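Q: Dropping a prediction and its sequence here:
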Amino acid sequence: MLRTKFSHTMQNGTLLAALDLGSNSFRLEIGRLDRGHIHRTEYLKETVRQGNGLDEARNLTHEAMQRGWDCLARFGERLAGFERRHVRAVATQTLREARNRDEFLAHAHTVLGFPIDVIPGREEARLIYQGVARLLPQSDERRLVLDIGGRSTEMILGEGFEARTMESFRVGSVAWSMKYFPGGQFTQDAFRIAEIAAKAVLDEALNVYRRDAWDVAYGASGTVGAVADILGAAGWAPGLIDRRGLDWLSEQLLKAQSVDRLRLEGMKDDRKLVIGGGISVLRAVFDLLGVEQMQAANGALRHGVLYDLVEREQDQTDLRSASVQRLAVNFNAELEQVRRVGDLASRLFAQMQQQAGVAAAEIARSQRKLCWAAQLHEIGCHISHSEYHKHGAYIIDHADAPGFALAELHRLSQLVLGHRGKLRKLEVDFGDALFMQQLLALRLAVILCHARRDPDVQGLQLTRSAAHPSNFLLQCRTGWADAFPQSAHLLREEVLAWQKTPWSLVVTGC
């Protein structure tokens, strides 16, 4: 497979930004890269409570969307001038659930100035672990990392920088507070029922995350950080949560009876409304997994996103490349064929991009994604040769692929779906020139490699018309069509396929 290389990597001193669009809060972390480490320069947090804004049909209310947009507009002003590749925004459980998330995301992209990736639960867990591990001293301890968010809870087992087991459970401080502590009332029954319900969701974690599978338990962000702050202010060991501390805190909530009457040193006002649900989930985890004490970690999801930004710069460290390779191996992709298709698709794509004056590093980033599609374009054959491109697209859309956001996977699936057959079946924006160029390059490469041997493409040139940018021009050398009549026939069929789109393909010499 073609290995794409960038003309440069991130330089020391580069400013990077990560945004975490959580169910309770939106956070912006800005850091400066220094010899592999990222040092914070700024941190902003706003309580948005989008998780409270999901109605019974799992649609975000307009008020909840507006709160998010207003926050992102403020963050966007701070990020003005940042390069696209130096910023990543990720969204978690609330936007995974929201049926109208596309409406929110479209305007959010506009006001923020950068796209937002909705990430799968296991990818969220992986990034949380990365954030925690990067800010811990290096050791060979086996770690359990827990993050109780607003609408989901992530658990990870790992060692060093490697997350080995990851899971996301649909239980969180916002969801549990709304459901089991309505009106902010604290009662013994409410706590008992909330903990039982949390254990019912988390019960499947018992075998995998059992007590003998880890040495030290860490809690990241949200609920764990809030509980550690309260306990520390009350005289308990700083940054440490144990069962006695949890019991004491639960008693304080019961004594207060309601959120309005709750007065605790170290508790921020924005945490009061969700503390009941958060403590219920935390107590359930302690009981189920036999946790005696948990250390509050400094690292969190946003830190993992920052370090992931650096790793994405190179194919050798981009986890997405490893995920694609694993899928290709698992579904028995023919390595020589995907190599030749990937090499030719990259070459054709580069011809169009170079003609437009696109920077080499930007071309390489797009080529890498094109090569991923080439690696996976035949994996559907593992299910059936009939309509294998549709099977392949389905596999990709539903794969557990570390490193990928949901939209990234879907874009990759659409390249695989569209590498042959009719184009109108695609769920894409036909005005997306970059995607259409990637798709054309892939389709032409598949055609020209139909004989499953290295094709003779000497003199082949793919460009876009200067006068009509929606017209693609493929030039073949004199005599090429006579030497390769089947390839010439397939190219003429391809011309017809593009006539049913806003784009057109003209082939000369065939």
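A: Sure, I can see it.
Q: Output the below-cut-off pLDDT ranges for the stretch 201-350 of the chain.
A: Regions of the stretch 201-350 of the chain meeting the criterion pLDDT under 70 are absent.
Q: and Gln461, what is it in contact with?
A: By C-beta atoms under 8 Å, 6 or more residues apart in numbering, the contact set of Gln461 is Gln351, Leu474, Gln475. Any C-beta I mention is one placed from the backbone N, CA and C, and that applies to glycine too.
Q: Give me the helix or strand of this protein that scores worst on average pLDDT.
A: Taking mean pLDDT, DSSP states H and E as the measure, the chain has helix 269-272 as its least confident helix or strand, at a mean of 88.
Q: The residue minimising distance to the centre of the chain and Gln354: what is the separation?
A: Nearest to the mean C-alpha position of the chain, by C-alpha atoms, centre = their mean, lies Ala405 at 2.8 Å. Separation of Ala405 from Gln354 (C-beta to C-beta, to the nearest Å) stands at 28 Å.
Q: same deal with Glu204?
A: Distance from Glu204 to Gln354, by C-beta to C-beta: 52 Å.
Q: Arg151 now?
A: 46 Å.
Q: Compare neighbour counts for the two and give me the winner.
A: More neighbours surround Arg151 than the other of Arg151 and Gln354, with 25 against 12 (other C-beta atoms under 10 Å).
Q: tell me the domain ranges of this protein?
A: Per the record, the chain has its domains at 15-117+305-309, 136-297, 318-455, by automatic domain parsing.
Q: Show me the one of the ones you listed that comes nearest Glu123.
A: domain 318-455 (6.3 Å; C-beta to C-beta).
Q: Quote the end-to-end distance of that closest one.
A: Terminal residues of domain 318-455 lie 30 Å apart, using C-alpha to C-alpha, to the nearest Å.
Q: now swap in stretch 425-441 and tell me
A: With C-alpha to C-alpha applied, stretch 425-441 spans 18 Å between its terminal residues.
Q: ok, and what's touching it?
A: 345-346, 348-349, 352-353, 366, 369-370, 373, 410-411, 414-415, 417-419, 423, 462, 464, 469, 472, 498, 501-503, 505.
Q: Swap in 7 Å and give it another go.
A: Stretch 425-441 has contacts (C-beta atoms under 7 Å, 6 or more residues apart in numbering) with 345, 348-349, 352, 366, 370, 411, 414-415, 417-418, 472, 501-503.
Q: Please identify the buried residues of that stretch?
A: Leu426, Val428, Phe435, Met436, Gln437, Gln438, Leu439, Leu440, Ala441 (16 or more other C-beta atoms under 10 Å).
Q: same check, this time on stretch 461-475
A: Gln461, Leu462, Arg464, Phe472, Leu473, Leu474.
Q: And it, how far out from the chain middle?
A: Centroid separation for stretch 461-475 versus its chain: 34 Å, with C-alpha atoms, centre = their mean, to the nearest Å.
Q: Look at that stretch and report the distance between its end residues.
A: Per C-alpha to C-alpha, stretch 461-475 runs 5 Å from first to last residue.
Q: For that stretch, give the mean pLDDT please.
A: Averaged across stretch 461-475, pLDDT comes to 91.
Q: Please apply the same query to stretch 35-47.
A: 93.
Q: ok, Lys272 touching Arg261?
A: No. Contact between Lys272 and Arg261 fails when scored by C-beta atoms under 7 Å: they sit 10.2 Å apart.
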